[in-house]
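Trainee: Structure, please.
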Amino acid sequence: MHFKSCCFGARKSSQQDLAGLSSEKDIKLFSYNALRSATDNFHQRNKIGRGGFGTVYKGILKDGTPIAAKVLSAESKQGIKEFLNEIDAITNVKHPNLVLLLGCCVQGVNRILVYEYVENSSLDQALIGTNSERARLHWGIRSEICIGTAKGLAYLHEDIEPHIIHRDIKASNILLTENFLPKIGDFGLAKLFPDNVTHISTRVAGTTGYLAPEYAMQGQLTRKADIYSFGVLVLEIISGKSCSKSYLSEDGKVLLERTWELYEEGKLTELVDPSLEDYPEEEVLRYIKVALFCTQAVAGRRPSMPEVLHMLSKPIKLNEKELLPPDTFTEMAPR
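Mentor: Got it, this is the predicted structure:
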């Protein structure tokens, strides 16, 4: 990202810097005053989320467009890298299952990313509700969330150059529209992945419970790390439980460990969220098994995202003889 030193090396604003960023990345630039007005001076009542490097506010632009403004903490030197990275990763990347970046603000010490506003908050919020609230997420919706997220990831992994590895696929980064269409958000940790590279060695970043073991322990990053995270996410969607907490307090097993245990016992239906009172058992069991394929301990045994999408979308018979126990890594503190 060679524009880093030009625009961000010193924390000052100039029209030349802004024009350089705009022309290089073909991104719309918003003034700080326009975003301050849209969010009512970033009022607390408009706060809709907080990430590792800043706070997200809902706003309404003068033309009536609703937005989500991700405000980087002014003190966050590390966050500057993520800010640049997020711009570099998804400027001009458009897909129905990816949150659309509308533009940014680079003015004085202010660094703000401007996204489309997604009405229904995040998937983790939908899954932690009461049984009656979770019951709104009937199987048809949960299935579409799994498939839509898979489509978004397949697009990132296969359909654009350079490919993009998200590195932080988790329930809180899947946003839901009014009609529960899933959109992958928060590309602050994403890595661009040229087609001729087999893996990248990088510092480990991500969230406990979703980390692929080869990435967590050796820092070796491939698209298969996202696929592992996606598998864990599918288990959360089906079970209504968090991967970062013990599945049952008495045995201390995490969600993935418990799932494999139930698979070996032939009791996978016990994993299903009790609020899902009516569901196609064969289809749900297939989704769980696909998730287990995604979380194989050896990265090379995991399917690609197009293969995952095919297995989820078609009522095919899975070759369970190929299925081996998954591996988990839960020692790293969440960012």
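
Trainee: Beyond the helix or strand hosting Val284, next helix or strand please.
Mentor: The secondary structure element spanning Val284 is helix 281-294 (assigned by DSSP states H and E). Proceeding N to C from helix 281-294, the next assigned helix or strand is helix 305-313, under DSSP H and E.

Trainee: In terms of secondary structure, what does that next one contact?
Mentor: The criterion is 3 or more C-beta pairs under 8 Å, 6 or more residues apart in numbering; DSSP states H and E, and the helices and strands that helix 305-313 contacts are helix 139-154, helix 223-239, helix 281-294. Quick note: C-beta positions are derived from backbone N, CA and C, even for glycine.

Trainee: just to revisit the earlier point, what sits up against the helix holding Val284?
Mentor: Residues external to helix 281-294 that are found in contact with it (C-beta atoms under 8 Å, 6 or more residues apart in numbering): 139, 143, 146, 227-228, 230-232, 234-235, 238, 259-260, 263, 268-269, 271-272, 276, 301-303, 308, 311-312, 315-316, 318, 320, 322-323, 326.

Trainee: Against Glu277, how distant is Ser132?
Mentor: The gap separating Ser132 from Glu277 is 11 Å, by C-beta to C-beta, to the nearest Å.

Trainee: Now the nearest residue to Leu189 once chain neighbours are set aside, what are its backbone angles?
Mentor: For Leu189, the nearest residue in space outside its immediate sequence neighbours is Arg167; the separation is 4.2 Å by C-beta to C-beta, 6 or more residues apart in numbering. As for Arg167, its main-chain torsions (degrees, to the nearest 10) stand at phi 80, psi -10.

Trainee: More neighbours: Ser132 and Glu277, which one.
Mentor: Neighbours of Ser132 and Glu277, each counted by other C-beta atoms under 10 Å, are more numerous for Glu277; the result is 11 against 8.

Trainee: Quick one: low-confidence residue ranges for the stretch 51-200 of the chain.
Mentor: Low-confidence segments of the stretch 51-200 of the chain (pLDDT under 70): 51-53, 74-79, 191-200.

Trainee: related to what we said a few turns ago, how about the helices and strands packed on helix 305-313 in JSON lines, adding distance to Ala171 and mean neighbour count?
Mentor: As requested, the helices and strands packed on helix 305-313 are arranged in JSON lines below (distance: least, C-beta to C-beta, whole Å; neighbours: other C-beta atoms under 10 Å):
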{"stretch": "helix 139-154", "distance to Ala171": "10", "mean neighbour count": "21"}
{"stretch": "helix 223-239", "distance to Ala171": "6", "mean neighbour count": "25"}
{"stretch": "helix 281-294", "distance to Ala171": "14", "mean neighbour count": "19"}
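
Trainee: okay if I get these as JSON lines plus distance to Ala212?
Mentor: Output for the helices and strands packed on helix 305-313, formatted as JSON lines (distance: least, C-beta to C-beta, whole Å):
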{"stretch": "helix 139-154", "distance to Ala212": "14"}
{"stretch": "helix 223-239", "distance to Ala212": "4"}
{"stretch": "helix 281-294", "distance to Ala212": "10"}
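
Trainee: who touches stretch 135-149?
Mentor: Taking contacts as C-beta under 8 Å, 6+ apart, the residues outside stretch 135-149 that touch it are 96-97, 123, 126-127, 169, 174, 176, 180-184, 230, 233-234, 237-238, 275-280, 283-284, 287, 309, 312-313.

Trainee: can you rerun that using 6 Å?
Mentor: With contact meaning C-beta atoms under 6 Å, 6 or more residues apart in numbering, stretch 135-149 is reached by Asn97, Ala126, Ile174, Phe180, Pro182, Val234, Ile237, Ser275, Leu276, Tyr279, Leu312.

Trainee: ok, now which ones touch Val56?
Mentor: The contact partners of Val56, taken as C-beta under 6 Å, 6+ apart, are Ile48, Gly49, Ala68, Lys70.

Trainee: 7 Å - rerun?
Mentor: Contacts for Val56 were tallied using C-beta atoms under 7 Å, 6 or more residues apart in numbering; they are Ile48, Gly49, Arg50, Ala68, Ala69, Lys70.

Trainee: Would you list the buried entries among these?
Mentor: Among the contacts of Val56, the ones that count as buried by 16 or more other C-beta atoms under 10 Å are Ile48, Gly49, Ala68, Ala69, Lys70.

Trainee: what phi and what psi does the backbone show at the second one?
Mentor: So that's Gly49. phi 180, psi 160.
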